[in-house]
Every structure is written in C-alpha cells, then in structure tokens.
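Asker: give me coordinates for this.
(one chain, ligands or ions: 1)
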Amino acid sequence: MSSGLDDCQSDHRRNLLALYVEKNNSLLSMIDFERTPRVALEFMNREHQKAFDDANALKILLDSALDASGPVAADIENLLQTLLADTVTHFELEQQCMEEYLFPARADHYREHQRVLQWMIDEHSRWDRDHSVETITHLRRYASDEFPGWLLNHIVTMDTVMASYIHRHGGTSI
Ligand SMILES: [Fe+2]
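Answerer: Coordinates of the predicted model:
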C-alpha cells in the first residue's frame, strides 16, 4: 500500500523533523513511536509512525513559533494540513480493512475515528482564526500531549483488537 510518492513524502517529513530537532536539540516530552506497541498489521504500524512523526514535527515548529526566529505561519499551516491529510488516509485504510474482513466492532471504531477527525478539524480552524500566543500554546499541547496521548491509547485498545482479529482471519501484514 505504499508508493514512491508516499516514500518521498515520508522522507520529506523526516528531513523536516531532523532539521527542527537539530535546531532545537530536543525531543524530550514527546511520545516516541519506537517505544509504542506494534499491532499485527504492518500497514497500521506505518500509519502510526507517520502520525507520531507529524505530531512531533508540529510540536517542534510550534515551540519555534514562540521565538522571534521562529518559522513563518505557512510552515505551521503546511504541517497542520499534512497531519490532517495523513490522518484521513490512516483512518480510511483501517476502515477499508475492517469492512473487507467484516470486523464486528467496526461501527464503534469508525465512530471514534470520526470524532477524532472532527477534533483535528476544530484545532485546525482555531489556527485559521488567529495565530496568537494563546492559540500556539493550545496547539502545542494538542500536538505534544493530547493527540499523541489519544493515539497511544487507541493503538493499545481498539487498533490492537482490530488488527489481531483481522490477522487471525487471514489478513496479511501488508
Ligand atoms: Fe483506528
């Protein structure tokens, strides 16, 4: 399910993250994908890594935004759009998989994805309205704590159960 374009975008994201990590010399307080549990389907692990990478890169950008030498607003807007687009793809891939294998709890899982997507859209709208210090601080908490915290909990609960079921019913680790 990965393409050359995906790989290219992923490289770009990693380069961006590496650049800001180098600039800020800190990854403290972030949730590290390497330390999160894996599920039974590899495509889901790839999507989860992408989500943590996006959130971490956004957090670092927002940290910089509080400095005079921080990034321009367009960089934050681009990363918010990347996080949203990647999350839409991530959820759609899981939902296609649940439909294909008729996973029994797919309606609940789908509803949870819709709730979190709407939450992300609301956070993006907040940035569209203003770029104040209050908004930056709020979004920084979302990117560094609330969204990754939700994702970690979702991985160890709903995603683990779903991936195990599909794996047991013949789903391959694509
Ligand atoms: Fe999920």
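Asker: chain neighbours aside, what residue packs nearest to the most centrally placed residue in the chain?
Answerer: Centroid-nearest residue in the chain, with C-alpha atoms, centre = their mean: residue 51, separated by 2.2 Å. Excluding the flanking residues, the one nearest residue 51 by C-beta to C-beta, 6 or more residues apart in numbering is residue 151, at 5.7 Å. Backbone N, C-alpha and C define where each C-beta goes, glycine included.
Asker: and residue 126, by the same measure?
Answerer: residue 135 (5.7 Å).
Asker: which of the residues in the helix or strand where the residue nearest to the centre of the chain lies are buried?
Answerer: Using DSSP states H and E, residue 51 falls within helix 42-65. Neighbour-count burial for helix 42-65, counted by 16 or more other C-beta atoms under 10 Å, picks out 43-48, 50-65.
Asker: repeat that for stretch 92-106.
Answerer: 93, 94, 95, 97, 98, 101, 103, 106.
Asker: tell me what angle the helix ranked longest in the chain forms with helix 42-65.
Answerer: Longest helix of the chain, by residue count under DSSP state H: helix 73-100. Angle of helix 73-100 versus helix 42-65, following axes from the mean of the first three to the mean of the last three C-alpha atoms, to 10 degrees, is 160 degrees.
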